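**Student:** just the structure for this:
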Amino acid sequence: MAEYIISIDQGTTSSRAMIFDRGGNIISVGQKEHEQIMPQAGWVEHDATEIWQNVQEVIGIALGRADLTRHDIESIGITNQRETAVVWDRRTGKPVYNAIVWQDTRTQDIVDRLAADGGVDRFKGIVGLPLATYFSGTKIAWILENVDGVRADAEAGHLLFGTTDSWVLWNLTGGVEGGVHVTDVTNASRTLFMDLETLTWRDDILDIFNVPRSMMPEIRSSSEIYGYAEDSSLLRETPISGILGDQQAATFGQAAFRQGESKNTYGTGCFLIFNTGEEIVHSKNGLLTTVGFKLGDEPAHYALEGSIAVTGSLIQWLRDQLGIIESAPAVEELASSVEDNGGVYFVPAFSGLFAPYWRPDARGAIVGLTRYVNKGHIARAALEAVAFQTRDVLDAVNADAGVELTELKVDGGMVANQALMQFQADVLGVPVVRPVVAETTALGAAYAAGLAVGFWKNLDDLRANWQEQQRWEPAMTTETRERKLRQWHKAVSKSMDWVDEDV
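**Tutor:** Okay, here's the model as predicted:
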């Protein structure tokens, strides 16, 4: 038997291939960024063709660095940026438009139109999601309504839709020569179209959005064999046997399999997932109800999710738009050059506010500025914004679940930032714990793929792999924490009601 699993992690800013051994250890990584296309304010796009080319390249890099071939790989897992929508022609394999990214807000008019009959919670009891620009459904509708000739081709059955897992899978399994058009339950649960109870597409909601059913991928579990890599691939004949949306994959990689277990991932955005087991819990506090995972024929596990749009991308903004740091890791040194935030609070509502507020009318705000403030204070306020937003989401989880969190498992690129993790523990008032393998998104997809082919026997095998690397204990006084939270919430209120009809 082969000794490794490879994960394809198709993320918001880059695509990676990561190879894992049976202990869940990283053997090698290939990674390549793709262009962030922003044609106008609020629009964020990716070139899906560039993404697929990069995926093929990073597979080769990862194999080469580990000195492995396809014969050493037991199976392939896929994880992905979830709500980003790709529409392509099944005859040519070419996208009809750039992928519209989950952060994109251009579809607010479609949201408003649909919400005119029943409000933003019109479908929430069925799909677990409010009407928002965040989800795939409005993005598909926009492409069908705004790209010349696309509506007719869609009605004729020529077009396919997929989140980037489906796009990668279809190409990896042959593309126009018989590619498999499939997604898993976790990605399907982010479209606005899937019934949480039946795990099937709702034809009535598709009709309301005017999206042809023929475009939609088949919904499958998160852990089964969907197909095999095509002959031209470096991984030819290797089974693809695991798919999880990135945040569910990170939860799986954290071994948070039981009801009540949770994690927070710090990436481009920040995403807290709380496992509710086989029970569907409908949030009353601004959270999303989503599918956590489904293993083969076993029942689905559900989750509450708090989605924060801008965290890691805020640090990129400091680097790329403001130029106050030369690299993302440099933000920690700059933030540490000052003792505190100097009274500055930074609300990064670049795409409106996501959970738990759901205010598309909000925009980014830096408040509390005085002449005393320097770029160190701005950098510190940016890091603190990540922690404050996580606190808001955790308060909502506690209210919905009725269970107080005792510690927070964390992962993702930003957990290397010591200052951020300490402030996170301080502002939560509970320990923050990082595992040895912090890249749990790719690991979770590897786990799902490996379970399907018997590489790992069961969930206990995966739990045994989890190891704590570092723990941050809260050191802030209750009085200081409450004062900072009060100021933060005042800052959040200043970011709202910014977008007028004529802006």
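**Student:** show me where the stretch 151-300 of the chain has strands.
**Tutor:** 159-162, 182-184, 194-195, 200-201, 218-220, 223-228, 239-245, 262-266, 270-277, 288-293 (DSSP state E, counting those that start in this stretch).
**Student:** next one: the longest one to chain centre, how far?
**Tutor:** Distance of strand 270-277 from the chain centroid (CA atoms, centre = their mean, to the nearest Å) equals 12 Å.
**Student:** for the nearest residue to Val147 once chain neighbours are set aside, which three-state class applies?
**Tutor:** Nearest non-adjacent residue to Val147, counting by CB to CB, 6 or more residues apart in numbering: Tyr97, 5.0 Å away. Where C-beta positions appear, they are placed from N, C-alpha and C, glycine not excepted. Here Tyr97 takes the coil state, with states given by DSSP: H, G, I helix; E, B strand; the rest coil.
**Student:** so how far is Gln36 from Tyr97?
**Tutor:** Distance, Tyr97 to Gln36, using CB to CB, to the nearest Å: 16 Å.
**Student:** residues near the residue nearest to Ile100 when sequence neighbours are not counted, how many?
**Tutor:** Leaving aside its chain neighbours, Ile100 sits nearest to Lys139 (4.2 Å; criterion: CB to CB, 6+ apart). A count of neighbours around Lys139, defined by other CB atoms under 10 Å, yields 29.
**Student:** what mean pLDDT does whatever helix or strand Lys139 lives in get?
**Tutor:** Using DSSP states H and E, Lys139 sits within helix 136-146. Averaging pLDDT along helix 136-146 gives 97.
**Student:** restricting to C-alpha, output that helix in PDB.
**Tutor:** Taking Å, rounded to 0.1, in the frame of the first residue of the first chain, the C-alpha atoms of helix 136-146 are listed here in PDB:
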ATOM      1  CA  SER A 136     -22.800  31.200  -4.500                       C
ATOM      2  CA  GLY A 137     -26.400  31.400  -5.500                       C
ATOM      3  CA  THR A 138     -26.500  35.200  -6.100                       C
ATOM      4  CA  LYS A 139     -23.200  35.000  -8.000                       C
ATOM      5  CA  ILE A 140     -24.600  32.400 -10.400                       C
ATOM      6  CA  ALA A 141     -27.700  34.500 -11.000                       C
ATOM      7  CA  TRP A 142     -25.500  37.600 -11.700                       C
ATOM      8  CA  ILE A 143     -23.500  35.700 -14.300                       C
ATOM      9  CA  LEU A 144     -26.700  34.400 -16.000                       C
ATOM     10  CA  GLU A 145     -28.200  37.900 -16.000                       C
ATOM     11  CA  ASN A 146     -25.200  39.900 -17.100                       C
END
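**Student:** buried set for it?
**Tutor:** Across helix 136-146, burial judged by 16 or more other CB atoms under 10 Å covers 136-144.
**Student:** same for that helix, what does it pack against?
**Tutor:** strand 86-89, strand 99-100, helix 108-115, helix 150-155, helix 203-209 (3 or more CB pairs under 8 Å, 6 or more residues apart in numbering; DSSP states H and E).
**Student:** for Pro239, which of those is the nearest?
**Tutor:** Judged by CB to CB, the one of the helices and strands packed on helix 136-146 that comes nearest to Pro239 is strand 86-89, at 23.1 Å.
**Student:** and the helix or strand in which Tyr447 is found, what does it pack against?
**Tutor:** Using DSSP H and E, Tyr447 sits in helix 440-452. If contacts are counted by 3+ CB pairs under 8 Å, 6+ apart, helix 440-452 sits against strand 4-10, strand 14-20, strand 73-80, strand 223-228, strand 239-245, helix 246-253, strand 262-266, helix 459-465.
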